[in-house]
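Enquirer: task: produce atomic coordinates for the following.
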Amino acid sequence: MDLPPPVRSVLDALPSLRTVVVGAAVSLGVIALLVTVLVATGVLAQPTVESVDSEWGEATNDTTQIETQARVDNPNPIGTPGVVSIEYTASLNDVVLAEGKKSGIGLSPGENTIEFAATMDNDRIADWWVTHVNGDERSTLTIEPTVSGPGVSQSLPEQTSAVETDLLSSFESSEEDTVTVDGEPLLVLGDRDASWGEATDETTPLTLTAELENAHEQPVTLSGVEYVVTMNNVTLGEGQTTEGVDLAPGDSDTLTVDAALETDAFADWWPTHVRNGETSRMRVELYGLVEQNGNQSRVPVRLYQQRLEFETDLLGDGGTDVEALPSLRDPVTVPTVEEADRDWGTITDETAEIVTTATLNDTGDVDRLRNVTTLTVGQVSAINDVTVLEEQTTRQLPNDDSMTVTGEMDNDRFVDWWPRHINGGERSTVEARAGATIDVGITRFQRPLVDQSDEFETDILGPVGDGDAQTITVANETLLTLADRTASWEVADAETTPFSVETTVESAHDRPVSFTGVEYLVTMNNVTVAEGIDDELRIDPGESAQLEVTVPMDTPRLADWWATHLRGGEQSNVSVQLHGLVERDGERERVPVALVSERFGLTTDLLGGSNTTIETFPVEQPDVEQPTVEGIEREWGAVTDETTEVHADVTVENSNTDPEINDFVRLTTTAETSINDVFVGSGSSETTPSAGSNELRVTSELDNSKVPAWWARHLNRGETSTTVTTTTTTVDVGFTTVDVPTPDANSTTETDLLADLNTDEPQPVGTGDRQYFVAEWTEAEWGRATPQEAPLDARSALRNEQPVPITVQEINYDVSIGGVTLANDSQQDGTTIQPGESEVVGLTVDLDNSRMDEWWVSHIRNDEQSTLVVDVTATIEVNGEPRTVPLSIFSTNETVETDLLG
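Expert: Residues are numbered from 1 along each chain as shown. Below you'll find the predicted structure:
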């Protein structure tokens, strides 16, 4: 281009721009002045801005850079020094997003690209968003460029583009969407729509509507809705509404949710949108709310979700794109019961806890459901159609995969179901039903826990009716055998549970067996369920009889036993005892040897359905062992004029160690004493023996009046007596007696009262100064004694030693024993004996034997020692003169000793 000479000369005079150093302000001023002159004179043409292109730069949480490229055309053949400025303003709906300016721009000839950046405050997006929503999601992007230089300033035509979005179009749908819980339809969403309200600087209203139909078999109730609206995971709005729905099964209603988005939150969302290439994902979620304790709680069941992705090109051509994304709904699974075990808990007299432990499946959602979910567990248990447990328990979801529920069984119902158990052959049907109503807040689900029916059997009478034959042995003798025993139930009711026992009782005893009654006693775990007395029983020797006893167990007492049975792990010890009763001293006593005795263990499994087991225990039927009499020692006791005591000390060895047996058994020992076969007296003693050695004293009272009788026999038997104490020992067991072998105590004693009166030795007869006779021999003997008299005959051959005849005119005698005079009399004789001749002189004395009882008293008191005194004198005539001489040959004074008991 040809320049005018003045211009060229000026330009030539300017230093080269490459030589301009920083700080040459004066030179620039000159250049600016020159350019102004040149433009004004039309020498230089004005540069033009051909286009302005902007794009987003770095986006922070607070600001976003707008990076701009301006294409400037310099039509001049020479470059323009750095004296040009470019400005522009970017607005959306009159909301200025950014204002950019760059000064000191130098232009080369032709097209120049100028790059510069402006910073946008992200809050401006929130301002724009209000206008965008209120403008039906329509906005206009306006870019107003301005170029200026020395002497010129030009506003170029603004660049505009339309920005339209349709975010809510994807919310509109009539396609049904089913909300399921645990695989079951809950709600069906029908027509759905969304609309913006009037946005302000604070809030952007969003109204969502949906038609809801209850597809569940239970009511669905929402006390409100919780909403969450996010873009790129930035929460734009969240909150709760109080408008809910209450739908019966099959009902429909419209759910309206008025959500409020925070307008300021769009400034937070904006950086994520820019960083993502102006792409965002929007998500709207609705959850049901339930009211709990005055507070609203969210149910983790997503009722509604809308997802979409949209793109914008705000700084470009304003084009947008919205794409609906699939709505994903996390499944919610309600726990189910895999198996349930039942066991006993705390057992009291009134109730029995049944603890049901259920193992849960599908517990992955328990934590999500816990805050709003409650379990209402209903339990019903029946035995023989008698409801023993019926209750509901409400609780929260468990923390793990098991759940324990406790119910209380009413023990008072035992009296209702137990008679049916007995009347049904000791069989019961045990039914247990338990179900859980799982309330997830908005609705409920039914889940079974337990549904089972088991058979429960017992055989309580089995051991009673099938027992082996039992024997009753006393003193080594089997008295009774009980065989062919049967037991059977009678009709039970709420008061009594009776059963009967029948057995054949055979007697092998030689005496009658008699019971005044039969006592029954049934205990179960030490609880007395039956106690009483049935009819009497008598069995004659060698005969048999039927023992039939009805045992009315008390049903309420059985209920008391049942509580102990459960407390013991369904285990019980059962005892069935039948004992005979006897009457002693006006009172009834129980025979410790049982007629029927059975003990067994009973184990049941009411909750588990297993079979009942019976374990019979050994029955130690006590035998009354035979005592043994080891020895008898006798001695005299007290003596009176009428009686004499004889003590028989009997040693009895008792091998029975059972105190009950020893306290019941009575040992009776009877002693009968006879002397020379004359019964003189008896006595007996009764005792309850102790274990081991027992000393038993039996005192017999002898009748002293019997002494003359046996003494007569003593004399008639050659002065020999046999004392026999016959001892019998009897074991009295109440219903009969058994003899115990007992040795008799026998002793023989001899006397020789006439020993001194029988001699072959010559004996002088006379006085101190004269001998009249010589007794060549003397003899005496007893005649046949009677209880009244004891004749004594004595004879002696007397030889006259005088030269004159001697006549024995009279013999006088006095006989006493123990001071008791038996005879005192005289006997006429008249025998004349010539000198040197011998004649036999006889004496017959009738002793008063009836007085021997008097002698006896003193004799025993004197330790069986007495003095026998026989004093005999004769009146003789010698040369016509009577003289008295002692007849020593017929006299004696001797000690009589006996040992009748020895």
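Enquirer: how far away is the residue nearest the centre of the chain from residue 525?
Expert: Centroid-nearest residue in the chain, with CA atoms, centre = their mean: residue 567, separated by 3.0 Å. Per CB to CB, to the nearest Å, residue 567 is found 9 Å from residue 525. Where you see a C-beta, it was placed from the backbone N, CA and C, and this is true even at glycine.
Enquirer: so what pLDDT did the residue nearest to the centre of the chain get?
Expert: As predicted, residue 567 sits at a pLDDT of 93.
Enquirer: count of neighbours near residue 105?
Expert: 20 (other CB atoms under 10 Å).
Enquirer: same deal with residue 209?
Expert: Residue 209, neighbours per other CB under 10 Å, totals 15.
Enquirer: cool, residue 664 as well?
Expert: 21.
Enquirer: relative to residue 732, how far out is it?
Expert: Relative to residue 732, residue 664 is positioned 9 Å away (CB to CB).
Enquirer: tell me which element the closest residue to residue 815 other than its chain neighbours is part of?
Expert: Distance criterion CB to CB, 6 or more residues apart in numbering; nearest residue to residue 815, sequence neighbours excluded, is residue 823 at 4.1 Å. Assigned by DSSP states H and E, residue 823 belongs to strand 820-833.
Enquirer: what mean pLDDT does that strand have?
Expert: Strand 820-833 comes out at a mean pLDDT of 95.
Enquirer: show me what whatever helix or strand comes next after that strand is packed against.
Expert: Remark: after strand 820-833, the chain's next helix or strand is strand 838-848, criterion DSSP H and E. Here strand 838-848 touches strand 789-800, strand 806-817, strand 820-833, going by 3 or more CB pairs under 8 Å, 6 or more residues apart in numbering; DSSP states H and E.
Enquirer: what about the last one, distance to the chain center?
Expert: Which is strand 820-833. 105 Å (CA atoms, centre = their mean, to the nearest Å).
Enquirer: show me where the stretch 501-650 of the chain has its strands.
Expert: Assigned by DSSP state E, counting those that start in this stretch, the stretch 501-650 of the chain shows strands spanning 513-515, 517-524, 527-534, 537-539, 544-554, 571-584, 587-603, 613-616, 628-639, 643-654.
Enquirer: direction included, what does the longest one pair against?
Expert: Strand 587-603 pairs in its sheet with strand 571-584 (antiparallel), strand 613-616 (antiparallel), by DSSP bridges.
Enquirer: need these in CSV with distance to residue 99 and mean neighbour count, can you?
Expert: Shown next, in CSV, are the strands paired with strand 587-603 (distance: least, CB to CB, whole Å; neighbours: other CB atoms under 10 Å):
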stretch, distance to residue 99, mean neighbour count
strand 571-584, 95, 19
strand 613-616, 98, 13
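Enquirer: where's the nearest residue to residue 256 once chain neighbours are set aside, which helix or strand?
Expert: Setting aside the residues directly before and after it, residue 256 is nearest to residue 209 in space (CB to CB, 6+ apart), at 5.1 Å. According to DSSP H and E, residue 209 maps onto strand 203-214.
Enquirer: distance check, residue 422 against residue 550.
Expert: Taking CB to CB, one finds residue 422 at 14 Å from residue 550.
Enquirer: those two: which is more packed in?
Expert: Per other CB under 10 Å, whichever of residue 422 and residue 550 has more neighbours is residue 422, with 24 against 16.
Enquirer: ramachandran angles for that one?
Expert: Residue 422 adopts backbone torsions of phi -70, psi -50, taken as degrees, to the nearest 10.
Enquirer: state the pLDDT value of it.
Expert: pLDDT, read off for residue 422, is 94.
Enquirer: the stretch 1-150 of the chain: helices as residue ranges?
Expert: 5-13, 25-40, 123-134 (DSSP state H, counting those that start in this stretch).
Enquirer: how close does residue 144 get to residue 73?
Expert: 19 Å.
Enquirer: quick one: which of those two has more around it?
Expert: residue 144 (18 against 15).
Enquirer: burial count for residue 270?
Expert: Count around residue 270 with other CB under 10 Å applied: 26.
Enquirer: next, the contact list for the spatially closest residue to it that is not a sequence neighbour, please.
Expert: Nearest residue to residue 270, sequence neighbours excluded (CB to CB, 6+ apart): residue 125, at 4.3 Å. By CB atoms under 8 Å, 6 or more residues apart in numbering, residue 125 lies in contact with 97, 266-267, 270.
Enquirer: and residue 125, how far is that from residue 179?
Expert: For residue 125, the distance to residue 179 - CB to CB - is 35 Å.
Enquirer: just checking: what are the partner strands of the helix or strand containing residue 392?
Expert: Using DSSP H and E, residue 392 sits within strand 386-396. Applying DSSP bridges, strand 386-396 is found paired with strand 374-383 (antiparallel).
Enquirer: now the partner strand: buried residues?
Expert: Judged by neighbour count using 16 or more other CB atoms under 10 Å, the buried positions of strand 374-383 are 374-375, 377-383.
Enquirer: quick one on the thing from earlier: the inter-axis angle of the strand holding residue 209 versus helix 123-134?
Expert: Counting by axes from the mean of the first three to the mean of the last three CA atoms, to 10 degrees, strand 203-214 points 50 degrees away from the direction of helix 123-134.
Enquirer: which strands and helices sit next to the helix or strand immediately after strand 203-214 in the chain?
Expert: Counting by DSSP H and E, the element after strand 203-214 in chain order, helix or strand, is strand 220-222. On a contact count with 3+ CB pairs under 8 Å, 6+ apart, strand 220-222 meets strand 245-247, strand 279-292.
Enquirer: do that again at 6 Å, thanks
Expert: With contacts defined as 3 or more CB pairs under 6 Å, 6 or more residues apart in numbering; DSSP states H and E, strand 220-222 has these neighbours: strand 245-247.
Enquirer: immediately after the strand it packs on, which helix or strand?
Expert: strand 252-262.
Enquirer: can you give me the offset of that following strand from its chain's centre?
Expert: The answer for strand 252-262 is 57 Å, by CA atoms, centre = their mean.
Enquirer: please apply the same query to stretch 820-839.
Expert: On CA atoms, centre = their mean, the centre of stretch 820-839 falls 110 Å from the chain's centre.
Enquirer: got the buried residues for it?
Expert: Neighbour-count burial for stretch 820-839 [16+ other CB under 10 Å]: 820, 822-823, 827, 829, 831, 833, 838-839.
Enquirer: and stretch 395-414, what's buried?
Expert: For stretch 395-414, by 16+ other CB under 10 Å, it's 397-398, 403, 405, 407-411, 413-414.
Enquirer: next: stretch 220-239.
Expert: Applying 16+ other CB under 10 Å to stretch 220-239 flags 220-232, 234, 236-239 as buried.
Enquirer: kindly report the same for stretch 844-859.
Expert: 845-859.
Enquirer: repeat that for stretch 243-263.
Expert: 244-245, 247, 253, 255, 257, 259-263.
Enquirer: closest to residue 501 among those residues?
Expert: residue 247 (68.2 Å; CB to CB).
Enquirer: domain parsing for the chain?
Expert: 5-115+131-163, 167-325, 336-457, 462-616, 628-750, 755-897 (automatic domain parsing).
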